[in-house]
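J.: this is a predicted model, with the sequence first.
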Amino acid sequence: MAAAAAAGGWRAASGRRRRRRAKEKEEDGGAAVLRRLRDARDELLSSGFWAASAGVCRAAAGRGGGREPLGSGPAWRCVCYGLGRFAACPAARLQLAFLLLLLEMLAVPPSSCFLFDPAFSELELAALEALGLRLLPENEEGKHSVNGSPTLFYMVHCGKALYNNLLWRNWSVHALSNMVIIGNSFKGIEERLLSRILERDYSYIAKILKGVEEVALPAHPRYSDTFNDTSIHWFPAHKLERLSAEVWEFVEEPTYEECDDLEIIRKGEEGSQHGPAPVQP
């Protein structure tokens, strides 16, 4: 009996050690993710890519008249979609490091930056929480309203439907002129798609092409896959006001019923995941 009790006591102690080791491993994993993220930030700074990109943002601010797309003024907020598995993927990690540098440049506090990607792991959710960033409460499919606040949407290499949905949700001169999108080049989308496909499946992208200003991020050989085809887009009110009345009259929500290669995960199709409780923006 004593031996059994002793054995039982040993097993309990072993269990405590296993739990402690598991916790330590998780903490070490989180620390490693944050360390690799700092390394990615240092790489962007040392390569000169961030300095050149920040210069593009500032130069864009002086073009086209109207409100500066990434200049001074009312406080900005940020929404990030489709970042991906940054704990394991170096490209996604560089994209997150770029976003954090952007937030610093715009003086956007981390608590005003909201993210969503159904691919985030428990470790990544914990890392985002440690950085002070916040999670969107659900898969919006890109349908996020600016609600009158200047909002930067960071959407590098996202599916076309996300951009189309975002435009639909903010389809007015006031809302569009309050947002900036850093993501796939709208010009590139126009060039790669047949016009009938663009107008049928992504009609809001098609309709906004005459109302958007766009400047590409600088090319850099080290980041030819990480930030390729990425541009800063903004929507000057004076350009939007010149669009025909018919452009603004049709505001039907996109359904993509005829789209053969929808590039987004629809609401309800996400895998189950658990992490820090999301908060309402």
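T.: Everything's here; your move.
J.: and His157, its phi and psi?
T.: Dihedral pair for His157: phi 60, psi 40, per degrees, to the nearest 10.
J.: residues in contact with it?
T.: Counting by Cβ atoms under 8 Å, 6 or more residues apart in numbering, His157 touches Gly82, Gly183, Asn184, Asp229, Thr230. Yep, even glycine has a C-beta here, placed from its N, CA and C like the rest.
J.: one more pass at 7 Å, please.
T.: With contact set as Cβ atoms under 7 Å, 6 or more residues apart in numbering, His157 has these partners: Gly82, Asn184.
J.: how close does it sit to Leu101?
T.: 18 Å (Cβ to Cβ, to the nearest Å).
J.: ditto for Leu115
T.: For Leu115, the distance to Leu101 - Cβ to Cβ - is 16 Å.
J.: compare these two (neighbour count), which wins?
T.: Leu115 (23 against 16; other Cβ atoms under 10 Å).
J.: pull the number of nearby residues for the nearest residue to Leu193 once chain neighbours are set aside.
T.: Distances taken as Cβ to Cβ, 6 or more residues apart in numbering place Tyr202 nearest to Leu193, at 7.5 Å, with adjacent residues excluded. Neighbour count of Tyr202, defined by other Cβ under 10 Å: 23.
J.: my guess is Tyr202 contacts Lys160, does it?
T.: Yes: counting by Cβ atoms under 7 Å, Lys160 is a contact partner of Tyr202 at 5.3 Å.
J.: show me the strands in the stretch 51-200 of the chain, by range?
T.: Listed in chain order, the strands of the stretch 51-200 of the chain (DSSP state E, counting those that start in this stretch) span 77-81, 113-116, 134-135, 151-155, 179-184.
J.: distance to Ala237 added to those, as CSV?
T.: Output for the strands of the stretch 51-200 of the chain, formatted as CSV (distance: least, Cβ to Cβ, whole Å):
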stretch, distance to Ala237
strand 77-81, 19
strand 113-116, 25
strand 134-135, 29
strand 151-155, 15
strand 179-184, 12
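J.: possible to save these as TSV with distance to Cys57 and mean pLDDT?
T.: Shown next, in TSV, are the strands of the stretch 51-200 of the chain (distance: least, Cβ to Cβ, whole Å; pLDDT from 0 to 100):
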stretch	distance to Cys57	mean pLDDT
strand 77-81	13	96
strand 113-116	16	97
strand 134-135	23	96
strand 151-155	10	95
strand 179-184	9	95
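J.: and those strands: which comes nearest Ser53?
T.: strand 179-184 (9.5 Å; Cβ to Cβ).
J.: and that closest one, which residues are buried?
T.: By 16 or more other Cβ atoms under 10 Å, the buried positions in strand 179-184 come out as Met179, Val180, Ile181, Ile182, Gly183, Asn184.
J.: from those residues, pick the one nearest Ala130.
T.: Distances from Ala130 to the buried residues of strand 179-184, taken by Cβ to Cβ, are shortest for Ile182, at 23.7 Å.
J.: who's that closest one bridged to?
T.: Note on Ile182: beta-bridge partners by DSSP bridges are Tyr154, Ile232.
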